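Chemist: only geometry, no sequence info:
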């Protein structure tokens, strides 16, 4: 594709996309400056936690509120169950985390809601007892059960839902191929096809080339009015223009499980990305359950509680399982 030269870079800058990309990556500093910034950052984080207290530090309060009620768990993947890594194909969760999620699913309905495709996140996790909402909730499957052995030995999902109709798939594939072709000369750029969305990873791209990345994406999208561009942690994401997101996926799953109108249900959503804010907002507006933001820096969020990193997510999940096991004993 021949890109439009000249003023398009200025248009990209004025649209705010480059600013958003830069905001997700603090600049490098010398050692002394880094120490001072780290000290200021820690103070800012403590102040931020007054409004978003630690879910680990508040866990007894959470469990007291849950007396006589049921938890439903919704978990993001990257940055929540697995660390953020330079190569998205290497975002493996630890065996301890997989075990914690597996045990949590034995006691609580548990769903993974992620920007990854269902196939990719299932490959990372490999647990059939979970609900999976891939492509930001546009591809919902699970849990996987065995058919009646008297009939056959196949596996089948108990639930399937795709709010983004199949007509979007060829668009996404075309955008994916165009992005791969047009970014191949940009070192570090990675393009991921997540079935109903395309993810452009620029974590390994030199910052001087970020405007070029945004230019390429926006220029290609001019041909696809039914697709939109969103932003995450060092990613740009192309998605269908439909009224669906992770928050809608939470609502759908609660309804499908027959838990939408149950006063004894407490949904918990744990996530680290901007796209998780839609789910946090749903829970806050409904005044039920709570969102938990996974972040080591202060940020604007509709989550109520916070956790610093996946290691605290692991602790939180294991604590919930021990608590449930103790009251059921």
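Modeler: Now that the structure is in, tell me what you want to look at. No experiment lies behind these values; they were computed from the predicted model shown.

Chemist: got the contact list for residue 319?
Modeler: 56, 59 (CB atoms under 8 Å, 6 or more residues apart in numbering). Quick note: C-beta positions are derived from backbone N, CA and C, even for glycine.

Chemist: what about 6 Å?
Modeler: For residue 319, the contacting residues are residue 59, by CB atoms under 6 Å, 6 or more residues apart in numbering.

Chemist: What pLDDT is listed against it?
Modeler: On pLDDT, residue 319 comes in at 97.

Chemist: Same question for residue 33.
Modeler: Listed pLDDT for residue 33 reads 45.

Chemist: Would you map out the domains in this structure?
Modeler: Here the domain parsing of the chain from the TED database is 44-163+265-328, 167-240.

Chemist: Look at the shortest one and report the distance between its end residues.
Modeler: I take that to be domain 167-240. Across its full length, domain 167-240 reaches 10 Å between end residues, using CA to CA, to the nearest Å.

Chemist: and what of the longest one?
Modeler: Taking CA to CA as the measure, domain 44-163+265-328 stretches 40 Å from start to finish.

Chemist: Rebuild the domains of the chain as CSV, extending it with distance to residue 250.
Modeler: As requested, the domains of the chain are exported to CSV (distance: least, CB to CB, whole Å):
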stretch, distance to residue 250
domain 44-163+265-328, 5
domain 167-240, 17
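
Chemist: how much space between residue 249 and residue 46?
Modeler: Distance, residue 249 to residue 46, using CB to CB, to the nearest Å: 33 Å.

Chemist: So which of those two has more stuff around it?
Modeler: Using other CB atoms under 10 Å as the criterion, residue 249 and residue 46 rank with residue 249 on top: 28 against 10.

Chemist: Give the buried residues for whatever helix or strand that one lives in.
Modeler: Assigned by DSSP states H and E, residue 249 belongs to helix 246-256. By 16 or more other CB atoms under 10 Å, the buried positions in helix 246-256 come out as 246-254.

Chemist: So what's the gap between that helix and the chain middle?
Modeler: Centroid separation between helix 246-256 and its chain, computed with CA atoms, centre = their mean, to the nearest Å, is 15 Å.

Chemist: What lies in contact with that helix?
Modeler: By CB under 6 Å, 6+ apart, helix 246-256 touches 74, 111, 113, 133, 136-137, 159, 260, 275, 278-279, 281-282.

Chemist: What of stretch 224-240?
Modeler: Residues outside stretch 224-240 that contact it (CB under 6 Å, 6+ apart): 20, 24, 164, 168, 171, 175, 197-203, 217, 221, 241, 273-275.

Chemist: Narrow these to those in helices?
Modeler: Using DSSP state H, 20, 168, 171, 175, 217, 221 are the members of the contacts of stretch 224-240 that sit in helices.

Chemist: quick revisit: after the helix holding residue 249, which helix or strand is next?
Modeler: strand 265-271.

Chemist: next structured bit after that following strand?
Modeler: Toward the C-terminus, strand 265-271 is succeeded by helix 277-286 as the next helix or strand (DSSP H and E).

Chemist: Which strands and helices lie in contact with the helix or strand just after that next one?
Modeler: Later in the chain than helix 277-286, the nearest helix or strand by DSSP H and E is strand 290-294. For strand 290-294, the helices and strands in contact under the criterion 3 or more CB pairs under 6 Å, 6 or more residues apart in numbering; DSSP states H and E are strand 305-307.

Chemist: tell me how far the strand it packs on is from the chain's mean position?
Modeler: 15 Å.

Chemist: which residues touch it?
Modeler: Strand 305-307 is contacted from outside by 52-55, 290, 292-294, 313, using CB under 6 Å, 6+ apart.

Chemist: Spell out the residue ranges of the strands in the stretch 51-200 of the chain.
Modeler: In the stretch 51-200 of the chain, the strands defined using DSSP state E, counting those that start in this stretch lie at 70-75, 110-113, 131-134, 139-141, 144-146, 155-157, 160-161, 190-193, 198-201.

Chemist: could those go into TSV alongside distance to residue 125?
Modeler: TSV is the format used below for the strands of the stretch 51-200 of the chain (distance: least, CB to CB, whole Å):
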stretch	distance to residue 125
strand 70-75	10
strand 110-113	7
strand 131-134	8
strand 139-141	12
strand 144-146	12
strand 155-157	15
strand 160-161	18
strand 190-193	17
strand 198-201	18
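
Chemist: circling back to that earlier point, could you rank the ones in helices among the contacts of stretch 224-240 by neighbour count and give me the top one?
Modeler: Highest neighbour count within those, by other CB under 10 Å: residue 217, with 24 neighbours.

Chemist: so the nearest residue to that one once chain neighbours are set aside is in which element?
Modeler: In space, and not counting its chain neighbours, residue 217 is closest to residue 236: 5.5 Å by CB to CB, 6 or more residues apart in numbering. Using DSSP H and E, residue 236 falls within strand 235-240.

Chemist: Name every strand pairing with that strand and say which way it goes.
Modeler: Sheet pairing for strand 235-240, assigned by DSSP bridges, gives strand 198-201 (antiparallel), strand 227-232 (antiparallel).
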